[in-house]
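[1] kindly generate the corresponding structure for this input.
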Amino acid sequence: MQVSDAMTRDVRVANAGETIAQAAQLMAKLDAGVLPVGENNRLVGMITDRDIAVRAVAHGKGPDTSVREVMTKDVKYCFADQEIEEVTRNMGDIQVRRLPVVDHNKQLVGILSLGDVAVTTGDGAAGEALCGISRAGGAHSQTG
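    Numbers count the residues shown, from 1 in each chain. Predicted coordinates for the structure are as follows:
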């Protein structure tokens, strides 16, 4: 099964020049924890609710802070015609729960979440990836 069979196609994009308040409002409206960030018709980052909390609020930055200041700039992505098994394995390795999906012209065509994979495949691939993401230890561990 290919990524295009499971991905969410209707993806809203935050603008890098918008404020984190605007991004948070869009996340709330969509009931989503992540938004791709675009600028000049290009994917330039991803912003999560965690980015807003950890990179902005925790450092005293206010709601007028630009998305550009706190977004993750190193965008990992997958292609719509890749096999889901390969992509979910990669998601576990790089420890992400969602990936933007692009076509071969690198235009955003969707987003793939482990939830999408779980609902579509039902083969345990999402669970295996989640085990890789949720492994104990590391700089952000609360295990000791």
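[2] contacting residues for residue 55?
    Going by C-beta atoms under 8 Å, 6 or more residues apart in numbering, residue 55 touches 61, 69, 70. Any C-beta I mention is one placed from the backbone N, CA and C, and that applies to glycine too.
[3] how many residues are close by the last one?
    With neighbours defined by other C-beta atoms under 10 Å, the count for residue 70 comes to 21.
[4] which residue ranges of the protein form helices?
    20-30, 49-51, 67-70, 84-94, 114-121, 125-133 (DSSP state H).
[5] I'd like these as CSV, with mean pLDDT appended.
    Formatted as CSV, these follow (pLDDT from 0 to 100):
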stretch, mean pLDDT
helix 20-30, 97
helix 49-51, 95
helix 67-70, 97
helix 84-94, 91
helix 114-121, 81
helix 125-133, 47
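[6] need these in CSV (columns: distance to residue 106).
    Below are the helices of the chain laid out as CSV (distance: least, C-beta to C-beta, whole Å):
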stretch, distance to residue 106
helix 20-30, 22
helix 49-51, 22
helix 67-70, 19
helix 84-94, 16
helix 114-121, 21
helix 125-133, 23
